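Novice: I'll drop the sequence and a predicted model, then ask my questions.
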Amino acid sequence: MDRAFFKPHIACFSKYGALLRQWRSYANDGRGVAIGFELDYFNAIKSTENKEFVVKDVIYDSQRQIEVIKNELSEEKIIEEYKKNSQIRI
């Protein structure tokens, strides 16, 4: 994939189907539409060859966010990603 044309798409979903507080916050005070998805569906997409697809939990705790960022941006991780993505693909 040509990274110059890479445009990430992000979506958020709830693990819990019908929470009233979510409907009030995100669905125009409960006047909305609920669409349900099975997690297995997303895992099937993720496992398909040549798909850059990630399913992750949202982290709301700021201390935990810092830990995850430090881990993901560690020197070892960056070098590993560079080596993985810099190989010639035929």
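Specialist: On my side now, so go ahead.
Novice: so where's this structure uncertain?
Specialist: 1-6, 27, 30, 49-51, 87-90 (pLDDT under 70).
Novice: could you chop it up by domain?
Specialist: For the chain, automatic domain parsing gives the domain ranges 1-56, 59-90.
Novice: can I get those in JSON lines with mean neighbour count?
Specialist: (Glycine included, C-beta is placed from N, CA and C.) Output for the domains of the chain, formatted as JSON lines (neighbours: other CB atoms under 10 Å):
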{"stretch": "domain 1-56", "mean neighbour count": "9"}
{"stretch": "domain 59-90", "mean neighbour count": "9"}
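Novice: next SSE after the host helix or strand of Phe42?
Specialist: For Phe42, the host element (DSSP states H and E) is helix 39-47. Heading C-terminal from helix 39-47, the first helix or strand you meet, by DSSP H and E, is helix 62-72.
Novice: chain center to the helix holding Phe42, what's the gap?
Specialist: 12 Å (CA atoms, centre = their mean, to the nearest Å).
Novice: ditto for stretch 61-70
Specialist: Distance, stretch centre to chain centre, for stretch 61-70: 16 Å (CA atoms, centre = their mean).
Novice: can you name the residues in contact with that stretch?
Specialist: Ile59 (CB atoms under 8 Å, 6 or more residues apart in numbering).
Novice: for stretch 19-39, same thing?
Specialist: With CB under 8 Å, 6+ apart as the test, stretch 19-39 has contacts from 13-14, 16-18, 55.
Novice: and those residues, which two are the farthest apart?
Specialist: Spatial extent of the contacts of stretch 19-39 (CB to CB) is set by the pair Ala18 and Val55 at 21.0 Å.
Novice: just checking, what packs against the host helix or strand of Lys83?
Specialist: Assessed by DSSP H and E, Lys83 sits inside helix 75-85. Packing partners of helix 75-85 (3 or more CB pairs under 8 Å, 6 or more residues apart in numbering; DSSP states H and E): none among the helices and strands.
Novice: thank you, goodbye.
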